[in-house]
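Chemist: Build me a model from this:
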Amino acid sequence: MAMDLTTLNNSSNEDAAHAFMQCCVSERWVERMVNSRPFADIEALNSAADSNWKNLDDADYLQAFEGHPMIGDVSTLRAKYANTKELASGEQSSVNQATEDVIQALAAGNKAYFEKNGFIFIVCATGKSAAEMLALLEARLPNDSATEIVNAAEEQRKITRIRIEKML
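Modeler: Presented below is the predicted three-dimensional model:
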């Protein structure tokens, strides 16, 4: 849903909410973004996106995380990392073909992370290989859930910014 800033600023609240929901599914963040319009320029939009993301409740962050598909089984991971060109609409376009060992380890790590924290592993995958993703997952797995909500929220913020850029 590509649009320009003028169209976004002049859209109905419903249409603007729909556009922002494509970037992040936290209802409170979307509401804040709709109410922050009009934006003078892209920098103002990005600044609002960041400031509206800050100080949300953990429940709002968890709602945003639910907008991501869970990647846990080996066949899903094989499919995800098989193609290096158009994964997640370019969000993971630099991912290298993963070895079977890396795929198996990612599957196990994602499952362990979800079981420990109650939400999926969130990372901004842009420009990261499957091996890099595994290293990040393994580095964050020992953290407690409170720390991981903060880490995942920051990764979600990065993902949302990329999606905003794609939207415009």
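Chemist: Domain boundaries for the chain, per the record?
Modeler: 5-65, 74-167 (automatic domain parsing).
Chemist: which one of those has the lowest average pLDDT?
Modeler: Lowest mean pLDDT within the domains of the chain: domain 74-167, at a mean of 81.
Chemist: in stretch 125-136, what's buried?
Modeler: Neighbour counts over stretch 125-136 (16 or more other C-beta atoms under 10 Å) mark 125, 128, 129, 130, 131, 132, 133, 134, 136 as buried. Any C-beta I mention is one placed from the backbone N, CA and C, and that applies to glycine too.
Chemist: swap that for stretch 49-58, please
Modeler: Using 16+ other C-beta under 10 Å as the test for burial, stretch 49-58 gives 49, 52, 53, 56.
Chemist: can you redo those as JSON lines with distance to residue 101 and secondary structure?
Modeler: Converted to JSON lines, those look like this (distance: C-beta to C-beta, whole Å; DSSP: H, G, I helix; E, B strand; the rest coil):
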{"residue": "49", "distance to residue 101": "38", "secondary structure": "helix"}
{"residue": "52", "distance to residue 101": "41", "secondary structure": "helix"}
{"residue": "53", "distance to residue 101": "36", "secondary structure": "helix"}
{"residue": "56", "distance to residue 101": "37", "secondary structure": "coil"}
